[in-house]
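# coordinates only, no sequence provided:
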């Protein structure tokens with residue numbers, strides 16, 4: 001998902017990825033509150049231990065998660081987890097989600 005270019009009108013209180021209002025990296029896989037297991041600009045997969053076709057909604061860096069792992073047909077959700085809150089899904093946030101979901105995936109075989 002490439003960044004938008006230039007400047008466009010934005011609904012009051014909303015942001016766009018690029019276009020002068022938000023220039024942070026989205027890891028190549030975030031849009032409208034949903035994460036897919038995509039690859040970033042360096043070719044690194046967001047959740048390397050999970051199926052490529054999985055998708056998730058993640059809040060506060062993994063404290064609140066709803067994920068669907070399509071390969072085993074598993075949907076899982078948690079809220080107010082004991083995972084330390086992270087403000088962004090970069091670095092430790094995505095690594096914690098990857099680890100927690102990979103443990104669940106192994107448990108269901």
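Arrived safely. Just so you know, these numbers come straight off a predicted model, no measurement behind them.
# identify the residues contacting residue 65.
56, 57, 58, 59, 76, 77, 78, 79, 81, 97, 100, 101 (Cβ atoms under 8 Å, 6 or more residues apart in numbering). From N, CA and C alone the C-beta is placed, and that goes for glycine too.
# strands of the protein, residue ranges please.
For the chain, the strands defined by DSSP state E cover 30-31, 34-36, 55-59, 64-69, 74-78.
# thinking again about what came up before, turn the contacts of residue 65 into JSON lines, including pLDDT and distance to residue 65.
Listed next are these as JSON lines, based on pLDDT from 0 to 100; distance: Cβ to Cβ, whole Å:
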{"residue": "56", "pLDDT": "90", "distance to residue 65": "6"}
{"residue": "57", "pLDDT": "87", "distance to residue 65": "7"}
{"residue": "58", "pLDDT": "82", "distance to residue 65": "5"}
{"residue": "59", "pLDDT": "76", "distance to residue 65": "7"}
{"residue": "76", "pLDDT": "92", "distance to residue 65": "7"}
{"residue": "77", "pLDDT": "92", "distance to residue 65": "6"}
{"residue": "78", "pLDDT": "87", "distance to residue 65": "6"}
{"residue": "79", "pLDDT": "86", "distance to residue 65": "8"}
{"residue": "81", "pLDDT": "71", "distance to residue 65": "7"}
{"residue": "97", "pLDDT": "86", "distance to residue 65": "6"}
{"residue": "100", "pLDDT": "88", "distance to residue 65": "8"}
{"residue": "101", "pLDDT": "91", "distance to residue 65": "8"}
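# buried ones among those residues?
The neighbour-count test (16 or more other Cβ atoms under 10 Å) applied to the contacts of residue 65 identifies 56, 58, 97, 100, 101 as buried.
# what's the closest of the residues you listed to residue 72?
residue 101 (11.2 Å; Cβ to Cβ).
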